[in-house]
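Undergrad: Quick check, what structure comes out for this input:
(2 chains)
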Number of protein chains: 2
Amino acid sequence: MKKSALQRVRAEYQPKLPKSLQGPVKLKVGKATESVANQEDIKNLFPHTYGMPVVEFERDENPSRLEEPFNVGIILSGGQAPGGHNVVSGIFDGIKSLNRESRLYGFLMGPSGFIKHQYMELTAGYIKEYRNTGGFDIIGSGRTKLETPEQFESGLKILKELDIKALVIIGGDDSNTNAAVLAEYYKSKGEDIQVIGVPKTIDGDLKNEWIEASFGFDTACKVYSEVIGNIQRDCNSAKKYYHFIKLMGRSASHIALECALQTQPNYCIISEEVQAKRMTLDNIVSALCYMIAERAKLGWNFGTVLVPEGLIEFIPSMKKLIQEMNDVLVEYAAELEGLEELDKLRAIHSHLSEGNKELFKSLPKDIALQLSLDRDSHGNVQVSLIDTESLISRMVAKRLEEMEEEGQYSGKFATQHHFFGYEGRCADPSNFDADYTYSLGFNAAMLINAGLTGYMSSVRNLTDKPENWIAGGIPITMMMNMEKRHGEMKPVIQKALVNLNGKPYLKFASMRDTLMLNTLYQYPGPIQYFGPAEVCDRPSMTLLLEHGKEV
Amino acid sequence: MKKSALQRVRAEYQPKLPKSLQGPVKLKVGKATESVANQEDIKNLFPHTYGMPVVEFERDENPSRLEEPFNVGIILSGGQAPGGHNVVSGIFDGIKSLNRESRLYGFLMGPSGFIKHQYMELTAGYIKEYRNTGGFDIIGSGRTKLETPEQFESGLKILKELDIKALVIIGGDDSNTNAAVLAEYYKSKGEDIQVIGVPKTIDGDLKNEWIEASFGFDTACKVYSEVIGNIQRDCNSAKKYYHFIKLMGRSASHIALECALQTQPNYCIISEEVQAKRMTLDNIVSALCYMIAERAKLGWNFGTVLVPEGLIEFIPSMKKLIQEMNDVLVEYAAELEGLEELDKLRAIHSHLSEGNKELFKSLPKDIALQLSLDRDSHGNVQVSLIDTESLISRMVAKRLEEMEEEGQYSGKFATQHHFFGYEGRCADPSNFDADYTYSLGFNAAMLINAGLTGYMSSVRNLTDKPENWIAGGIPITMMMNMEKRHGEMKPVIQKALVNLNGKPYLKFASMRDTLMLNTLYQYPGPIQYFGPAEVCDRPSMTLLLEHGKEV
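TA: Now for the predicted structure:
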């Protein structure tokens, strides 16, 4: 691989570690924990790993023993997030700091490599090529769900063969849930295999009192904000388009909210608010048309609108429709198989209840088709495939025509659409994510050495300097509750949606009316690695606000 | 305007100037020039400004006179390009360096501000806010064509009212052509008004022996290459999609070629090659399917394909169709007005010649509709509105199905589509563009002070250090030839398409087969402003190769 000029220089960056991890560590053990809800159920499901204490590392001023070497296996699970390679190099450096004889194995292309025994040893020379770079290409990632005893047993074989003491699963909420199940499984079987999770997802929805941020969110939002800022500068220079910009993030609107805080668009839809206020598509369109008509009065026929990709499922009426469609698609799968587009829509329509029939029929054909596509492996609509931004802008255009006829609007409405997702998931990590992921990985090595299993690597106090970050471990069961998945109650890590009482949302809400009727765009520019700290090392605005800092 | 952290720091950047402009200058005058073609015609059309010499500035070691103050007006014309604000600040600093009493006026929202007398004085404090930033929002831009005597006369009034000695038009090939026409007009009328052009366009097609680069190309390509690189890293991590990425650039494929050189995708279509080899859509699809089938044999069902936005007009059969459609849309405008989509397509079809009828009918409906949209003010198809990337990927999918049935292909083909344009036109300029544009502006001030008109600001030797850049002026008529526009022969600056004998194309061509059947993606990362020179100050690969440098 020929490296770009930036890669060559960036490879030399030494990520920062918390002070507590900069030498031998000792463990500070807290009190026994409870899960966030459904304590009895979770306890019954995790008899061997429930109730474990939160732990924290401190610098050990009097290290007493030489550490034994041990082998570790890692899996990158699910969608890419900037910093994954630094988790790997952090684990590597961590285990090597304990004993040079320790080894690291990477399972290839996600959990399937674990199940199918496809792996490689990660050596110092190989890892060097990937330090501080984006992507998961070091060993690849995959979406196979690790959840059956057969998979666990198959994995166990290779773990034993390679004399692996611990498996680190780098993934989102589902993957970390599975890490906990696997930890419990091995412990219940008396197998001496530890499982540690690392919180990864650009979506920002794996977050709670103990996990301040999932890695990759910071970098991805900065990339999206860079290009949104550029589009806004174009918008304000040419003054002729409304740009509708859809942003990845699955269900939660964290990414859209963070980007809105960074770039100050004229409008940003927050799915969680739509749901809480029981808004319809029509309500959203009305709000946008009001803004557009008011801006037109000021002579401004341009603006920017951010749309979270998960929106459609948060509109209560749409959610009801989608839920029924989920069932219809399964129940009538055989009938629907191979039908032409229009016939498929007709068939689905015929199986819907009366209330949903009407809404389904009112949708543009292309949107109805997108909603009828196969579900993902979690049984969810693949929201990134639905052109929500185009659906909304077409509805707005239609409404504006009506308003114009009624004399309520006079202006020009021309649009551009954008969807950003793949542009940010594999960006080179920001200094924040580079440091955070390296620390998470290094810390995971210490959790393994401490003999822990069923823990998530936790690095906290993230708006302080890295040296003051707090490193330790959180029992995964502590973050769990019971939720219905595929019709069954399952133990899962609670997904964090945007908190409408939280400071990030409230900050945005306080600016919102001003942003609509003014043009106050911010232009964050590209991620910088070499400049002054205020440019290079700043964490996300979401995190700063959540920690009570000024932004 | 609240500034981002990067903006605040970047505002302090002092762009570099050629040595010759770092103090009093004297003029070195070359020989009389000729236009590149149609010399007699051009000479007849520009009797007062034809044949002027190329000029160059040298440092004046014995400056003799105090300069008189003079006022300058500027127009930003056409699409945004990174660095426009630095042209303005360069002109400002240039005229102020000659005499503090000189003043700069900006005409608002492009040529229309000049015609309608909408302007503002640009003061030191106002300009300070825009130094080293992207966008044209300092005074706005517009696409009004400045070409009629009435417009010239209306502009003349405001120039006189403001005591403006010279007008600087910052624009692409058409705008600079109009600058030459305006210069000739004022001179022929005996008006003492100078007109100077500045070469702007991200498309890179305003380029010739004397103008090495148009500004903005460098930055825009770097932004696109950043996100293409990120997508490629994602592609190579997840290994499940073919990403079809369309890039702005109007007719020419310079942007696609530069991005291909920077990122090494698996495939990049070059429109000029398609035209030269008389390729059909079918040929392009075949080439892609060959690559996809071969990669599938290697187990790789993923890849990246760059598509230049102007492609469709370079496919000879499509070009013929579009040309006839241009006429049909004008001739039958009344009949087509207000028709429903399908009726409009039928009506257009009925007016086409036999050969084109068939091709038109073979196009997917949405693409046929996109081709039937209104033309831009130059009478061109708005290529950015045609989903070429989707057209091609759908044709590829269909062909692969056929190949699979015939046992010639076995693999998965899933796609993602992207279009990058607005993401880069207003990015903060790279160091190269920041220095280049500031120098172009400063140099324009010197051309004005030298009493020249009908010249384009020229800064050359651009792959050397800025201090060694060569500053001067090129008579615009020198770059002209006669071309047919809207059915009439007009004097225009020759548009530079990708030269199939040029080093940038040949470099790409030499790697092409290797890139198709391997995965050799490059990840350039975001533009850096503060790091080592090899990361921050590197010009485009196109320019480096054109100057015979290694890349």
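
Undergrad: So which bits of the stretch 201-350 of chain A are right by chain B?
TA: Residues of the stretch 201-350 of chain A lying near chain B by Cβ under 8 Å from any Cβ of the partner chain: A:223, A:226-227, A:229-231, A:233-239, A:243, A:262. Glycine gets a C-beta too; all of them are placed from N, C-alpha and C.

Undergrad: can you check the stretch 1-150 of chain A too?
TA: Residues of the stretch 1-150 of chain A lying near chain B (Cβ under 8 Å from any Cβ): A:1-7, A:9-10, A:79-80, A:109, A:133-137, A:140-141.

Undergrad: for the stretch 351-500 of chain A, same thing?
TA: So the stretch 351-500 of chain A meets chain B at A:Gln416, A:His418, A:Tyr422, A:Glu423, A:Gly424, A:Arg425, A:Cys426, A:Ala427, A:Asp428 (Cβ under 8 Å from any Cβ).

Undergrad: Count the neighbours of the residue lying closest to A:Gly140 once chain neighbours are set aside for me.
TA: Closest residue to A:Gly140 apart from its sequence neighbours, by Cβ to Cβ, 6 or more residues apart in numbering or on different chains: A:Met109 at 4.1 Å. By the criterion of other Cβ atoms under 10 Å in any protein chain shown, A:Met109 has 21 neighbours.

Undergrad: What of A:Val87?
TA: Per other Cβ under 10 Å, the neighbour tally for A:Val87 reads 29.

Undergrad: which ones are touching it?
TA: Contact analysis of A:Val87 by Cβ atoms under 8 Å, 6 or more residues apart in numbering or on different chains lists A:Ile74, A:Val168, A:Ile170, A:Val198, A:Lys200, A:Phe215, A:Thr437, A:Tyr438, A:Leu440, A:Gly441, A:Ala444.

Undergrad: Could you confirm the fourth one falls within a strand?
TA: Yes - in this structure, A:Val198 lies within a strand as judged by DSSP: H, G, I helix; E, B strand; the rest coil.

Undergrad: can you pull up the bridge partners for it?
TA: Beta bridges link A:Val198 to A:Ile170 when assigned by DSSP bridges.

Undergrad: Relative to chain B, how far out is A:Gly249?
TA: According to Cβ to the nearest Cβ, to the nearest Å, A:Gly249 and chain B sit 16 Å apart.

Undergrad: Let me know the helix or strand that that residue is in.
TA: A:Gly249 is part of no helix or strand when elements are defined by DSSP states H and E.

Undergrad: same thing with A:Asn178?
TA: If you go by DSSP H and E, A:Asn178 is part of helix A:173-188.

Undergrad: Indicate whether that helix makes contact with chain B.
TA: No - on the criterion Cβ under 8 Å from any Cβ, helix A:173-188 is out of touch with chain B, staying 15.0 Å away.

Undergrad: picking up where we left off before, PyMOL command for the buried members of the contacts of A:Val87?
TA: Buried subset of the contacts of A:Val87, written as a PyMOL selection, criterion 16 or more other Cβ atoms under 10 Å in any protein chain shown:
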select buried, chain A and resi 74+168+170+198+200+215+437+438+440+441+444
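
Undergrad: Format the contacts of A:Val87 as CSV; extra columns: pLDDT and secondary structure.
TA: Output for these, formatted as CSV (pLDDT from 0 to 100; DSSP: H, G, I helix; E, B strand; the rest coil):
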residue, pLDDT, secondary structure
A:Ile74, 98, strand
A:Val168, 98, strand
A:Ile170, 98, strand
A:Val198, 98, strand
A:Lys200, 97, strand
A:Phe215, 98, strand
A:Thr437, 98, helix
A:Tyr438, 98, helix
A:Leu440, 98, helix
A:Gly441, 98, helix
A:Ala444, 98, helix
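
Undergrad: that older thread, show me which of the residues of the stretch 201-350 of chain A next to chain B are buried.
TA: Among these, the ones that count as buried by 16+ other Cβ under 10 Å are A:223, A:226-227, A:229-231, A:233-239, A:243, A:262.

Undergrad: what's the farthest-apart pair in these?
TA: Across these, the longest distance by Cβ to Cβ is 25.8 Å; it joins A:Val223 and A:Lys239.

Undergrad: for stretch A:134-149, how far is the first residue from the last?
TA: Stretch A:134-149 has an end-to-end distance of 33 Å (criterion: Cα to Cα, to the nearest Å).

Undergrad: now swap in stretch A:107-117 and tell me
TA: 7 Å.

Undergrad: ok so, going back, just checking, which of the buried ones among the residues of the stretch 201-350 of chain A next to chain B belong to helices?
TA: Within those, residues falling in helices by DSSP state H are A:223, A:226-227, A:229-231, A:233-238, A:262.
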